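Q: need the 3D shape of this:
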Amino acid sequence: MRKTTKSVLAVACALAAFTAAGCGTTSENSGQVKQQNPLAKCKGPGGHYTIGMSQANLAEPYRVRMDDDIRQAAQRVPQFDVQFSDAAKDNSKQISDVENFITKQVDLLMISPNEAAPLTDVVRQAYNKGIPVIVLDRKVDGDAYTTFIGADNTDIGRRAGEYFKTAVLPQGGKIVQIKGLSGSTPAAEREKGFEQGIAGSGIQVVATADGEWERSVAQQKMDAMLKAHPDIQAVYSQNDPMAEGAYLAAQAAGKRDLKITGIDGLPIPSGGIKAVEDGRLQATFVYPTGGAEAVAAAKSLLVDCKPVPKTQTLGTERVTRDNAVEVYDRLNHR
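A: Next up, the predicted model:
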């Protein structure tokens, strides 16, 4: 009888673990995803809401602009108080930042993950505690979030590849690629899309380096690639700061005819659109920050009590010297 009782208890404990009800296991850390009511935090226009925004880093101008866009849009929603954190490219720091927001019991979490896999669990924890989660730009694994807002990085990479095939090197040639941080989803998707875009052409990617999304790192990597491959004709950079780093390295090496393209197209004086207008870059592709859209989604969930789509895909456009002035002015007067 004693053995039977122990067996029953063991089975009950195992079942409880699966339902996150006992045995030292919770659904927040078991890998399961709770069914969330995304409108549970909504108190209507009369409520006051604290939002935590966890940024991957502030070393990239793109991420500074994202925070600025969130800050500016949130100023138009009097019910919102947005608190920002900077992970400084450190996964452990970003995990701690999100845990801090969970402890503070924020009404909504926004996050642009440094890398997908390391941030997945803590984002799931927030989601499983009933906190609506808006994931921006870079993804996490699985679907433990309320909505993802970002451009289609595979499509952007494909468009960049097609541009190389039709306008940059229509006769084919040798190029190098400067990727973003390994482990971040845009880096993998922009590479995959680019390969699709140049398929069937005579374009050969002879080397690829990880520039970590930063100009100084890309400049060092580009210098090394130019020494190893002095006959390259163009550079595909996965963002504009790295493209600028490649430009500086090329100038130092006397390769002033090298054709360089980037991605981001920030409408700021130091951004990619101005770099195209000034002739440093051949082209760039606009990559919206999603900041304003994130605040709009938060308002819908918390103030208006309306659901939002699981995925919100933002548009892009190619910027060359032909349209750089017009695009810059238009994006600054939305």
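Q: what ranges do the strands span in this structure?
A: Using DSSP state E, the strands of the chain run over residues 49-55, 80-86, 108-111, 133-136, 147-151, 173-179, 203-210, 234-237, 259-261, 284-285, 311-314, 318-319.
Q: give me the nearest residue to H48, chain neighbours excluded.
A: Excluding its sequence neighbours, the residue lying closest to H48 (CB to CB, 6 or more residues apart in numbering) is Q79, at 5.6 Å. (Glycine included, C-beta is placed from N, CA and C.)
Q: then T185?
A: K139 (4.4 Å).
Q: check contacts around the one you found.
A: Going by CB atoms under 8 Å, 6 or more residues apart in numbering, K139 touches P113, A116, F148, G150, T185.
Q: any low-confidence regions in the stretch 101-250 of the chain?
A: Counting by pLDDT under 70, the stretch 101-250 of the chain shows no low-confidence range.
Q: let's see 90
A: Applying pLDDT under 90 to the stretch 101-250 of the chain flags residues 182-183.
Q: okay, now the domains of this structure?
A: 29-151+289-316, 153-287+319-331 (automatic domain parsing).
Q: just how off-centre is the last one within its chain?
A: Shown here is domain 153-287+319-331, whose average C-alpha point lies 18 Å from the average C-alpha point of the whole chain (CA atoms, centre = their mean, to the nearest Å).
Q: would you map the helices across the stretch 101-250 of the chain?
A: Using DSSP state H, counting those that start in this stretch, the helices found in the stretch 101-250 of the chain span residues 116-128, 153-163, 185-198, 215-228, 240-252.
Q: turn those into CSV, columns for distance to T103.
A: Formatted as CSV, the helices of the stretch 101-250 of the chain follow (distance: least, CB to CB, whole Å):
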stretch, distance to T103
helix 116-128, 11
helix 153-163, 32
helix 185-198, 27
helix 215-228, 34
helix 240-252, 34
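Q: right, and those - which one's nearest K34?
A: Closest to K34 of those, according to CB to CB: helix 116-128, at 4.5 Å.
Q: tilt between the closest one and helix 185-198?
A: Counting by axes from the mean of the first three to the mean of the last three CA atoms, to 10 degrees, helix 116-128 lies at 120 degrees to helix 185-198.
Q: distance between stretch 322-333 and the chain's centre?
A: For stretch 322-333, the distance to the chain centre is 23 Å (CA atoms, centre = their mean).
Q: got the contact list for the residue nearest to H48?
A: P45, G47, H48, Y49, L302, V303.
Q: let's see if you can find the most crowded of those residues.
A: Of all these, the highest neighbour tally under other CB atoms under 10 Å goes to L302, namely 26 neighbours.
Q: that one contacts P45, doesn't it?
A: No: L302 lies out of contact with P45 (CB atoms under 8 Å); the separation is 9.9 Å.
Q: V98: which of the contacts of Q79 is nearest?
A: For the contacts of Q79, the nearest to V98 is Y49 (17.5 Å; CB to CB).
Q: just the pLDDT for the closest one.
A: pLDDT, Y49: 98.
Q: and it, how far is that from E293?
A: 17 Å (CB to CB, to the nearest Å).
Q: same question, A243
A: Shown here: A243 relative to E293, a distance of 25 Å by CB to CB.
Q: neighbour count: these two, which is higher?
A: The neighbour count for A243 versus E293, taken as other CB under 10 Å, is higher for A243 (30 against 21).
Q: excluding chain neighbours, what is closest to P309?
A: Closest to P309 by CB to CB, 6+ apart is T147, at 6.3 Å.
Q: sorry, that was for D223
A: Closest to D223 by CB to CB, 6+ apart is A249, at 4.5 Å.
Q: list the buried residues for stretch 86-102?
A: With burial defined by 16 or more other CB atoms under 10 Å, the residues of stretch 86-102 counted as buried are D86, A87, K89, N91, K93, Q94, I95, D97, V98, F101, I102.
Q: export that stretch as PDB, just CAs?
A: C-alpha atoms of stretch 86-102 as PDB (Å, rounded to 0.1, in the frame of the first residue of the first chain):
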ATOM      1  CA  ASP A  86      20.600  49.500 -22.300                       C
ATOM      2  CA  ALA A  87      22.000  45.900 -22.400                       C
ATOM      3  CA  ALA A  88      25.300  47.200 -24.000                       C
ATOM      4  CA  LYS A  89      25.500  44.100 -26.200                       C
ATOM      5  CA  ASP A  90      25.600  41.800 -23.200                       C
ATOM      6  CA  ASN A  91      23.000  39.000 -23.100                       C
ATOM      7  CA  SER A  92      23.400  38.500 -19.400                       C
ATOM      8  CA  LYS A  93      22.800  42.200 -18.800                       C
ATOM      9  CA  GLN A  94      19.700  42.200 -21.000                       C
ATOM     10  CA  ILE A  95      18.300  39.100 -19.100                       C
ATOM     11  CA  SER A  96      18.800  41.000 -15.900                       C
ATOM     12  CA  ASP A  97      17.200  44.100 -17.300                       C
ATOM     13  CA  VAL A  98      14.100  42.100 -18.300                       C
ATOM     14  CA  GLU A  99      14.000  40.400 -14.900                       C
ATOM     15  CA  ASN A 100      14.100  43.800 -13.300                       C
ATOM     16  CA  PHE A 101      11.100  44.900 -15.300                       C
ATOM     17  CA  ILE A 102       9.200  41.700 -14.300                       C
END
